[in-house]
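Q: Could you look at this predicted model? Sequence included:
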Amino acid sequence: MSFPLLDSPEAIAALVDEIGFLPFFRCRIPGFSIEEHCPWERWFSDTLDGPWEWKGPVLRLGGGAYGKFFQNKAGFVSREWIYDFANLRRDGYDFDARYEDGLAGRRDLLVVQALEKLGPSLSRALKREAGFGGGDGLKGFDTVITRLQMQTYVITADFEYSTDRAGRTYGWGVCRYATPEQRYGADFGDRAYGREPEESRARILEQLRRCLPDAPESELRLLIG
């Protein structure tokens, strides 16, 4: 397919909805990222919003999920495809079952429990509740939260910015993490686990082959995990 110029959150949201999956940064499939199709002057402008500022609006426009989903790098998954994607990445396990089977560590458990207690949370609050940071706190929060995103137990539901006295936003957006169940409803698991994980893999591959016919099969499989 021919990729459009990604010069607005509306353009990005439309492409996410069309393909279902969209890495933020360059990946091993040439041309398959926001980075390669967004005008360079939008990336670090003092006067123009760009892809950094558009992440939250894209999530609100399309209702999809954002996170470190693609080989530990960030990207979007559409609302339509997040169920199959989670089924594949979780291999049919909800988090409690994964932990009970010894497939998740205690630090992962603490982050998931903190998120379930607090609800959708900014990263600072989540780290504090889960016991990370500070002199005596646990280490490795970034590693844990990346792993949980790759497994789709945690997603980014929105981004929030500091504001000055005039109400203008500034600085980098801060992630508001959530579980998919918090974002999409308590029946998320029922919908995600409605088919075998390998069936979800086949469905995702078929969709990506249709949209990216020139991409090597091996790279598509590597991308989706």
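A: Looks like it came in fine.
Q: Could you report the pLDDT at the most centrally placed residue in the chain?
A: Ranked by distance to the mean C-alpha position of the chain (CA atoms, centre = their mean), the top residue is G67 at 2.1 Å. Confidence at G67, expressed as pLDDT, is 97.
Q: What strand or helix carries it?
A: Applying DSSP states H and E as the criterion places G67 in strand 65-70.
Q: gap between that strand and the chain center?
A: The chain centre lies 2 Å from the centre of strand 65-70; the measure is CA atoms, centre = their mean, to the nearest Å.
Q: Just the C-alphas of it, formatted as CSV.
A: These are the backbone C-alpha positions of strand 65-70, laid out as CSV (Å, rounded to 0.1, in the frame of the first residue of the first chain):
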residue,chain,number,x,y,z
ALA,A,65,-3.5,1.4,22.4
TYR,A,66,0.1,2.7,22.5
GLY,A,67,3.0,1.0,24.0
LYS,A,68,6.3,-0.7,23.5
PHE,A,69,4.8,-3.4,21.4
PHE,A,70,7.3,-3.9,18.6
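Q: The helix or strand just after it to strand 65-70, inter-axis angle?
A: Downstream of strand 65-70, the first helix or strand assigned by DSSP H and E is strand 73-77. Put simply, strand 73-77 runs at 130 degrees to strand 65-70, going by axes from the mean of the first three to the mean of the last three CA atoms, to 10 degrees.
Q: For strand 73-77, which helices and strands make contact with it?
A: helix 9-19, strand 21-23, helix 51-62, strand 65-70 (3 or more CB pairs under 8 Å, 6 or more residues apart in numbering; DSSP states H and E). In this view, the C-beta of every residue, glycine as well, is placed from N, C-alpha and C.
Q: Quick one: closest of these to L115.
A: Taking CB to CB, strand 65-70 is the member of these nearest to L115, at 13.0 Å.
Q: name the helices or strands packed onto that closest one?
A: Under the contact rule (3+ CB pairs under 8 Å, 6+ apart), strand 65-70 is packed against strand 21-23, helix 51-62, strand 73-77, helix 82-90, helix 141-150, strand 155-163.
Q: Off-centre distance for the host helix or strand of R191?
A: Taking DSSP H and E as the definition, R191 sits inside helix 188-192. Distance, stretch centre to chain centre, for helix 188-192: 17 Å (CA atoms, centre = their mean).
Q: ok, residues contacting it?
A: 82-84, 86-87, 90, 94, 180-181 (CB atoms under 8 Å, 6 or more residues apart in numbering).
Q: And stretch 12-26, by the same measure?
A: For stretch 12-26, contacts defined as CB under 8 Å, 6+ apart pick out 1, 3-4, 6, 32-36, 51, 54-55, 57-58, 61-62, 64, 69-70, 73-78, 80-81, 85, 204, 207-208, 211-212, 223-224.
Q: Kindly recompute the last result at 7 Å.
A: Applying CB atoms under 7 Å, 6 or more residues apart in numbering, the contact partners of stretch 12-26 are 4, 6, 32-36, 54, 58, 61-62, 64, 70, 73-78, 80-81, 207-208, 211.
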